[in-house]
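Peer 1: Sequence first, predicted coordinates after that:
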Amino acid sequence: MKLSKEERLRRYPSIRFECRNCGTIVITDSSEYTDKRTTYCCAQCEREYWRKVTRNAKRNAKQDEQQDA
Ligand SMILES: [Zn+2]
């Protein structure tokens, strides 16, 4: 499905945000293509962020176990 430029801008307005993983300021541009990013500057940052979160969650779970013992 191909959207018109106006339709893209209406659905995915240009926004400015800070990448949650690396802190890069990102300004999305839907006028040239459908830019749906809202949290991460790139797919790699998204993967890295979730890898870190998963690692921390595992470590916290381990600490909880030790506190219970
Ligand atoms: Zn990033």
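Peer 2: Received the coordinates, thanks.

Peer 1: Pull out the buried positions in the lowest-mean-pLDDT helix or strand in the chain.
Peer 2: Sorted by mean pLDDT, DSSP states H and E, the helices and strands of the chain end with helix 5-11, the least confident at a mean of 85. Within helix 5-11, the residues that count as buried by 16 or more other Cβ atoms under 10 Å are residue 8. Glycine gets a C-beta too; all of them are placed from N, C-alpha and C.

Peer 1: show me where this structure has helices.
Peer 2: Ranges of helices within the chain are 5-11, 43-68, based on DSSP state H.

Peer 1: May I see the buried residues of the longest one?
Peer 2: Within helix 43-68, the residues that qualify as buried are 45, 46, 49, counting by 16+ other Cβ under 10 Å.

Peer 1: Tell me who's in contact with residue 55.
Peer 2: Residues near residue 55 by Cβ atoms under 8 Å, 6 or more residues apart in numbering: none.

Peer 1: of all the residues in the chain, which ones are close to the ion?
Peer 2: Those residues of the chain that sit near the ion, judged by Cβ under 5 Å from the ion, are 19, 21, 22, 24, 41, 45.

Peer 1: What's the per-residue pLDDT of the nearest residue to residue 40 once chain neighbours are set aside here?
Peer 2: In this structure, residue 40 finds its nearest non-sequential neighbour in residue 46, 4.2 Å apart by Cβ to Cβ, 6 or more residues apart in numbering. Residue 46 is assigned a predicted lDDT (pLDDT) of 96.

Peer 1: Hmm, residue 39 and residue 46 touching each other?
Peer 2: Yes: under the criterion of Cβ atoms under 8 Å, residue 46 makes contact with residue 39 at 7.3 Å.

Peer 1: Which of the buried residues of helix 43-68 sits closest to the ion?
Peer 2: residue 45 (3.2 Å; Cβ to the ion).
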